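1. next comes the sequence, and after it the predicted model I'd like to discuss.
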Amino acid sequence: MNFLQSPLSPVVTLLSILAMGLALLAIYLKDLLAASVAAGFISLVASIIFLYLQAPDVAMTEAAIGAGITTVVFIIAVRKTERYEK
């Protein structure tokens with residue numbers, strides 16, 4: 001395993017920081033639709049991290065379920081309720 005593929009590589013570190021920033025964004029947004037989309041991007045970033053760490057099966061599952069199905073379910077739930085948090 002070379003330096004670029006180690007778990008502490010700069011790429012994984014930057015993607016992890018991006019995921020944490022998106023998580024904070026999803027927490028503090030008052031628009032529930034935007035928060036749902038931010039949560040979907042967190043899953044997408046996680047799937048990129050898994051792909052980079054050579055776990056393509058986990059990356060595909062995270063992208064399909066985490067970024068895909070879960071985000072669609074959240075958006076449908078927000079459409080059936082109020083969009084903005086009070």
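-> Done, it's in.
2. continuing past the helix or strand containing T13, what's the next helix or strand?
-> Element membership for T13 (DSSP states H and E) is helix 10-28. Later in the chain than helix 10-28, the nearest helix or strand by DSSP H and E is helix 32-52.
3. tilt between that following helix and helix 10-28?
-> Counting by axes from the mean of the first three to the mean of the last three Cα atoms, to 10 degrees, helix 32-52 lies at 160 degrees to helix 10-28.
4. and whichever helix or strand comes after helix 32-52, how far out from the chain's middle?
-> Scanning forward in sequence from helix 32-52 by DSSP H and E, the next helix or strand is helix 56-61. Using Cα atoms, centre = their mean, to the nearest Å, the distance from the centre of helix 56-61 to the centre of the chain it belongs to is 14 Å.
5. name the helices or strands packed onto helix 56-61?
-> Secondary-structure packing of helix 56-61 (3 or more Cβ pairs under 8 Å, 6 or more residues apart in numbering; DSSP states H and E): helix 32-52. Bear in mind the C-beta positions are built from the backbone N, C-alpha and C, glycine included.
6. buried stuff in the helix it packs on?
-> For helix 32-52, burial by neighbour count (16 or more other Cβ atoms under 10 Å) applies to 32, 35-50, 52.
7. ok, back up a step: averaged pLDDT, the helix holding T13. What do you get?
-> Averaging pLDDT along helix 10-28 yields 93.
8. shaky segments in the protein?
-> Per-residue confidence of the chain (counting by pLDDT under 70) places the weak regions at 1-7.
9. report all helices and strands that the helix holding T13 contacts.
-> helix 32-52.
10. report the buried residues of stretch 75-86.
-> Residues V78 are the ones in stretch 75-86 that count as buried (16+ other Cβ under 10 Å).
11. now that stretch: how far from the chain's centre is it?
-> In this view, stretch 75-86 has its centroid 20 Å away from the chain centroid, taken as Cα atoms, centre = their mean.
12. over to stretch 12-28?
-> Centroid separation for stretch 12-28 versus its chain: 8 Å, with Cα atoms, centre = their mean.
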